[in-house]
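Participant: let me see the structure of the following:
(chains A and B)
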2 protein chains.
Amino acid sequence: MTHTNSEILELFEGALAQIQTPEEPELLYAPIIYSMSGGGKRLRPVLLLITAEAFGGDVEATMPAALAVEIFHNFTLLHDDIMDNAAVRRGKPSVFAKWGGNVALLSGDAMLITAYKHLARVAPAVLPRVMTIFSDMALEVCEGQQYDMDFESLDRVSVEEYLLMIERKTSALLSGSAMIGATMAGASDDDIRKVYRFATELGLAFQLQDDVLDSYGDEALGKKIGGDILEGKQTFLMVQAMNRATDAEREVLRNTHRDAALSDAEKIARVKALYDKLEVRRIAEQQIELRFERALSTLDTLSIEGSRTASLREFARNLMGRKK
Amino acid sequence: MTHTNSEILELFEGALAQIQTPEEPELLYAPIIYSMSGGGKRLRPVLLLITAEAFGGDVEATMPAALAVEIFHNFTLLHDDIMDNAAVRRGKPSVFAKWGGNVALLSGDAMLITAYKHLARVAPAVLPRVMTIFSDMALEVCEGQQYDMDFESLDRVSVEEYLLMIERKTSALLSGSAMIGATMAGASDDDIRKVYRFATELGLAFQLQDDVLDSYGDEALGKKIGGDILEGKQTFLMVQAMNRATDAEREVLRNTHRDAALSDAEKIARVKALYDKLEVRRIAEQQIELRFERALSTLDTLSIEGSRTASLREFARNLMGRKK
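Facilitator: Next up, the predicted model:
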């Protein structure tokens, strides 16, 4: 009697729609409603709920935690947009752009508190553990964001440092969600560790793929290619390239994005030519395969029946945009 | 076997000193250590702990919640300083001034999460209630801050609106602390409501006194007089004066702080002359007496022995700078 992943998503959207947000003060609460109704794939709450169901947990009982992780995720976007000076979020003006920094700051704070308010409805027997997993996860996300900002001012970042950063910034919220789902369903410590590993590896595969697609994606899909290159961002491709390049090539990798003599297309072409020469796309794709395979094979080791992991496998494939 | 208030403060400082904060990333955690070790009177955790002891609670068992409210309080200061563009906090550079807005933003987020991390150590039997009181209190503080910012752009604020704002911005954290202390000590719902009322009225008396002292304090005590007037801030004195003034007087109250032809001393003298004429200091002092008396008389109605309320009375007198 478990649900399909799309049924889970529907149940989650239903629960989200039922949340009552106060009307006043308007500048505190209207941005929260705006932000929560801006779409998004609801990846984290869906992962939390299907993990709980895989271990025999009840969707309704688990819902408060699912709401908490989704509200937390949107809180991080609100505050990230202040730090990154980002005007657009999900194709609409960001809260920061629409209402200004102070409103985005304070509304974000209220969202973080609201996330915990939902978490307080988790069954008392597991609440201390769930709260601790949630808070540790939340701190890791903050650490990831800080490392990401630190990296902007560094010339060289090691591959290990980069992977640790995205493990915190991207994977932590997925792995924390999976752990909370398993914990609430009464999974064993061993199984909780394993779903943690599953979601960590999956999150890494997802972020690395995101890095690759930003430079090698399909323009036909409406995705703008080369944004990371033009921003001079540290990505897996850039970090790998910097580590494999000659001194002269490193100068090119480092300075092309700020070379006023080049057009955007020229900048992108110049950096990608080096990426190709240094074979960093191939290395990234190997890493993605490795991480994705590790994620899936971790599921084989869980103590539950294999059939119960089907929704987790489907979640993983969907996340990576794969048929199988 | 209860403690004196100064023993409670010492126990709290001891517990605070034992907190281990991670070292990296440095820009995330160093501002937290800086902010928490910047002094402050620790009013909220002390109130929480003495309320718990008044109802027979154990200081050590209550300590995690006391740490949570103090960390939360310092988090609000960190974020308020961003919103207010404030360079100085407790006589030292604010985190915002020392490290910049992005660091203050993200470190503040990590502090709020850390506050909840401590809260998770509260006994599971009362954790859901404590978490709910804490989160409601935290949201009220955000609401108070938003109303305070809203008021800046308003010409007229009613006395009722002003009192509701400071009830959220100042009282909520005191009343929430008292409620958490009483709840953790197993007080009855009726007693919890009463300590809520005690701390709410005390917080209002405290904030109103703060408003009066900003215009009428003792320069000899090293306090700079007239800051609120020069900023054109909405205070109880200003709000009352605007409500009692003639149209012509209102123009003076509204515009004096931005009159470039006047010196600071002249601006302060001009506004205070109107305050005196409109008798708003007397009205404020009546309100302060009324609120303070209400706070103390609420303590008489608690179900516990009168002697157990001695530390709460002492706390109230100390807060107001009174001998008796």
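Participant: how distant is the helix or strand harbouring A:Ser6 from the center of its chain?
Facilitator: Per DSSP states H and E, A:Ser6 falls inside helix A:5-17. Helix A:5-17 has its C-alpha centroid displaced from the chain centroid by 19 Å (Cα atoms, centre = their mean, to the nearest Å).
Participant: pull the contacting residues for A:Gln207.
Facilitator: A:Gln207 makes contact with A:Ile166, A:Lys169, A:Thr170, A:Ser171, A:Phe236 under the criterion Cβ atoms under 8 Å, 6 or more residues apart in numbering or on different chains. No exception for glycine: its C-beta is placed from N, CA and C like everyone else's.
Participant: give me that answer again for 6 Å
Facilitator: A:Ile166, A:Thr170 (Cβ atoms under 6 Å, 6 or more residues apart in numbering or on different chains).
Participant: what of the one 5 residues further on?
Facilitator: When contacts are counted by Cβ under 6 Å, 6+ apart, A:Val212 touches A:Ala284.
Participant: separation between it and A:Arg281?
Facilitator: As judged by Cβ to Cβ, to the nearest Å, A:Val212 and A:Arg281 stand 6 Å apart.
Participant: ok so, going back, contact partners of the helix holding A:Ser6?
Facilitator: Under Cβ under 6 Å, 6+ apart, the answer for helix A:5-17 is A:Arg42, A:Pro45, A:Val46, A:Leu49, A:Ile50, A:Val59, A:Met63, A:Ala66, A:Ser311, A:Glu314, A:Phe315.
Participant: between all of the residues you listed, which two are separated the most?
Facilitator: Longest distance between any two of the contacts of helix A:5-17 is 20.5 Å, between A:Met63 and A:Glu314; criterion Cβ to Cβ.
Participant: could you pull out the helices for the stretch 1-150 of chain A?
Facilitator: In the stretch 1-150 of chain A, the helices defined using DSSP state H, counting those that start in this stretch lie at A:5-17, A:26-36, A:43-54, A:59-83, A:95-99, A:101-119, A:127-152.
Participant: ok, now how distant is the closest residue to A:Asp264 other than its chain neighbours from chain B?
Facilitator: Distances taken as Cβ to Cβ, 6 or more residues apart in numbering or on different chains place A:Leu230 nearest to A:Asp264, at 5.8 Å, with adjacent residues excluded. Distance of A:Leu230 to chain B, computed by Cβ to the nearest Cβ, to the nearest Å: 22 Å.
Participant: can you verify A:Leu230 is assigned to a helix?
Facilitator: Yes. Counting by DSSP: H, G, I helix; E, B strand; the rest coil, A:Leu230 is part of a helix.
Participant: give me the number of neighbouring residues for it.
Facilitator: Neighbours of A:Leu230 under the rule other Cβ atoms under 10 Å in any protein chain shown: 16.
Participant: cool, and the one 3 residues further on?
Facilitator: Using other Cβ under 10 Å as the criterion, A:Lys233 is surrounded by 16 other residues.
Participant: what's the answer for A:Ile283, then?
Facilitator: 18.
Participant: thinking again about what came up before, just the helices of the stretch 1-150 of chain A: most buried one?
Facilitator: Mean neighbours per residue, mean count of other Cβ atoms under 10 Å in any protein chain shown, is largest over these for helix A:43-54, with a mean of 27.
Participant: wait, does stretch A:170-177 contact chain B?
Facilitator: No. Judged by Cβ under 6 Å from any Cβ of the partner chain, stretch A:170-177 makes no contact with chain B; its nearest approach is 12.0 Å.
Participant: average pLDDT across that stretch?
Facilitator: Stretch A:170-177 shows a mean pLDDT of 98.
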